[in-house]
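**Student:** coordinates for the following, if possible.
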Amino acid sequence: MEEYSPTIFYVKGVHNIIANILSRVPQQDAPVPEIIETCFLMETENFPLAFAIIAQAQAYDKKLQETLNQFPMEYKQCIHCAQLIIYFKNKIFIPVELWSRLIEWYHEQLLHPGVLRLIESMKQHFHWKTMAKDITNFTKTCKECQIFEQQ
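**Tutor:** Below is the predicted model of the structure:
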């Protein structure tokens with residue numbers, strides 16, 4: 001469902017002509033957590049970036065550590081699988097050394113989705129300043145994408 005980016009609208013029961021279970025479940029006023037855990041990041045052999053790898057790369061990134069202290073409202077830390085992970089506006093901040101690894105994995109898993117879809121898929125969960133530019137450059141070097149684009 002991630003690839004389609006659906007928009008969900010709430011329609012009050014009296015105005016909802018085509019009612020379903022979602023419109024009939026009682027609403028709870030539970031607070032939404034500030035940092036949303038991404039379930040796909042569970043430690044699996046298929047995903048190239050375990051929380052331990054991300055945490056280690058973030059810890060060694062001196063610029064990120066300085067930025068974390070300068071902008072405490074935008075950068076937050078949260079513990080996942082016993083690892084301290086840094087978020088930027090509720091998205092996992094990815095240090096430079098992990099960019100290509102992450103782009104390549106998503107590109108392969110989404111079966112060469114094209115630049116815009118790859119950017120949209122990745123920016124839902126991750127952040128780094130030059131993400132769009134890096135993804136664009138990566139897809140320009142992908143042989144399969146270039147062959148498909150020419151057809």
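
**Student:** against Tyr87, how distant is the residue nearest the centre of the chain?
**Tutor:** What sits nearest the mean C-alpha location of the chain, by C-alpha atoms, centre = their mean, is His125, with 1.2 Å. In this view, His125 and Tyr87 are 10 Å apart by C-beta to C-beta, to the nearest Å. (Each C-beta comes from the backbone N, C-alpha and C, glycine too.)

**Student:** ok, back up a step: wait, isn't the residue nearest to the centre of the chain in contact with Lys89?
**Tutor:** No. Using C-beta atoms under 8 Å, His125 is not in contact with Lys89, being 11.8 Å away.

**Student:** burial of Leu49, as a residue count?
**Tutor:** 17 (other C-beta atoms under 10 Å).

**Student:** before we move on, what about Phe148?
**Tutor:** 11.

**Student:** for it, which non-adjacent residue is spatially closest?
**Tutor:** His112 (6.8 Å; C-beta to C-beta, 6 or more residues apart in numbering).

**Student:** let's verify the one you found: helix, strand, or coil?
**Tutor:** coil (DSSP: H, G, I helix; E, B strand; the rest coil).
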